[in-house]
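>>> Here's my sequence, what's the structure:
(chains A and B)
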Number of protein chains: 2
Amino acid sequence: MRVRVDLNISLDGFATTTDGTPENPIGEDWMRLVAAYTATRTFRERVLGDTSGGGTTGVDEKYASAYFDEVGAEIMGAGMFGLHTFPDDPSWRGWWGDEPPFRCPVFVLTHQSRPDLEFDNGTTFQFIEATPQEALERAVAVADGGDVRVGGGPTVVRDFLRAGLVDDLHVGIAPLILGDGIRLWDDLRGLEQGYEVTAETAESGIVHVAFARS
Amino acid sequence: MRVRVDLNISLDGFATTTDGTPENPIGEDWMRLVAAYTATRTFRERVLGDTSGGGTTGVDEKYASAYFDEVGAEIMGAGMFGLHTFPDDPSWRGWWGDEPPFRCPVFVLTHQSRPDLEFDNGTTFQFIEATPQEALERAVAVADGGDVRVGGGPTVVRDFLRAGLVDDLHVGIAPLILGDGIRLWDDLRGLEQGYEVTAETAESGIVHVAFARS
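Numbering: from 1, shown residues only, chains lettered A, B, ... in the order given. Below is the predicted model of the structure:
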């Protein structure tokens, strides 16, 4: 069992963008940041439900397909689910539509108490207030031997990294300077110690950097 | 004629380290940050004066040898010359020893008035108070058709980048999280526009990212 993180970040280290609005949360910066990922065959099939077989099949796709492999449970922050955008709407079912791509139990870290959500494709969302350690224990307990992914956002990822709980960190670095947002790397001095770090450049220009704990 | 920058930065974007002291300005963090560069054949020959033919000859060396190619004049900040460390010693001749590796006119940006320094190998240091544009004009005037390198530190480089004066920016990104220092990328949102950005991974694990203005 591995605890895994995958994020798209800019060259200046930002894992979030700042030009989104509540009505249109995905701004142009975000589209540029994730352009190579959303162009992959895996993203098109798994997230968009496009089974036409399109999408890129190079280095970006290698990482994209690994993203969902053997994940038995997911942990994410309230913002990644969408709670920050409509905090007072108890019927809001998040950004992820009727077929969330997770297909496993998802724990959403929040101080809010909300009823569980279940989807036909095996995705469930449970809203819990927990430390990283506690959340991880709950995720491991239901992951059926699979890996646990910490999906994001970057603040949640940093909490798990600082707590030493992450075995595999993969970042896709887009050659953009965003200038503002939430930085992935803050307060993580020496993170590389205890990991093997490798890097690989995709055809798209994305630099994939992977930290793997041995 | 191109205006060029080469810097070593950490994965979290720092181009300076924080564990140096006036007595021992090159701390362990700096040694780790530049380890792959200082291992190259070019660095050994050109900077250390080691003509034994040792040093790496892979991707890092390709960038290291390009570093000095066709440079006709150099611009650097006071800190890179060494003025910040011994600001009150008019006889201090900087960090660069008796054979500074530049072998061309070097302009040191400072508010201090200091006499020029000349070295036998063709390196001269002139201490000038100037805007980036003014410094560049002076450098171009003496570069004899060669390129102008903006050597550093990162604050000076950012000034030139923000002023739109840099044609080629090469960064060697070391897979380290330093956590503190001076960030190269601050206040450079959208820098990638107007450049072609390419990336390449060296055997050492360094990711070389190059911005080239067409």
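>>> For chain A, which residues are neighbours of chain B?
For chain A, the contact set with chain B under C-beta under 8 Å from any C-beta of the partner chain comprises A:11-13, A:175-180, A:183, A:185-192, A:197-201, A:205, A:207, A:209. For the C-beta atoms, the positions are set from N, CA and C on the backbone; glycine is no exception.
>>> Just the buried ones among these, please.
A:11-13, A:175-179, A:183, A:185, A:188-189, A:191-192, A:197, A:199, A:201, A:205, A:207, A:209 (16 or more other C-beta atoms under 10 Å in any protein chain shown).
>>> name the element the residue nearest the centre of chain A belongs to?
By C-alpha atoms, centre = their mean, the mean C-alpha position of chain A lies nearest to A:Gly151, the distance being 2.9 Å. A:Gly151 is part of strand A:147-152, with elements assigned from DSSP states H and E.
>>> tell me what that strand is packed against?
strand A:3-10, strand A:71-77, helix A:132-142, helix A:154-162 (3 or more C-beta pairs under 8 Å, 6 or more residues apart in numbering or on different chains; DSSP states H and E).
>>> Please convert the ones you listed to CSV, extending it with mean neighbour count and mean pLDDT.
As requested, these are exported to CSV (neighbours: other C-beta atoms under 10 Å in any protein chain shown; pLDDT from 0 to 100):
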stretch, mean neighbour count, mean pLDDT
strand A:3-10, 22, 98
strand A:71-77, 23, 97
helix A:132-142, 18, 98
helix A:154-162, 20, 97
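>>> Indicate which one of these is closest to A:Asp89.
Distance to A:Asp89, taken as C-beta to C-beta, is lowest for strand A:71-77 among these, at 17.9 Å.
>>> ok, residues contacting the closest one?
Around strand A:71-77, the neighbours that count as contacts under C-beta atoms under 8 Å, 6 or more residues apart in numbering or on different chains are A:1, A:4, A:102, A:104-110, A:135-136, A:139-140, A:142-153, A:155-156, A:160.
>>> cool, and stretch A:87-105?
Residues from elsewhere that reach stretch A:87-105 (C-beta under 8 Å, 6+ apart): A:25, A:46-47, A:49, A:68, A:71-74, A:81-83, A:85-86, A:106, A:112, A:114-115, A:117, A:119-126, A:139, A:142-143, A:146.
>>> And it, what's buried?
A:94, A:96, A:99-105.
>>> Just send these back as JSON lines, with secondary structure and pLDDT too.
Compiled in JSON lines, the buried residues of stretch A:87-105 are given as follows (DSSP: H, G, I helix; E, B strand; the rest coil; pLDDT from 0 to 100):
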{"residue": "A:Gly94", "secondary structure": "coil", "pLDDT": "84"}
{"residue": "A:Trp96", "secondary structure": "coil", "pLDDT": "87"}
{"residue": "A:Glu99", "secondary structure": "coil", "pLDDT": "90"}
{"residue": "A:Pro100", "secondary structure": "coil", "pLDDT": "93"}
{"residue": "A:Pro101", "secondary structure": "coil", "pLDDT": "91"}
{"residue": "A:Phe102", "secondary structure": "coil", "pLDDT": "94"}
{"residue": "A:Arg103", "secondary structure": "coil", "pLDDT": "94"}
{"residue": "A:Cys104", "secondary structure": "coil", "pLDDT": "97"}
{"residue": "A:Pro105", "secondary structure": "strand", "pLDDT": "98"}
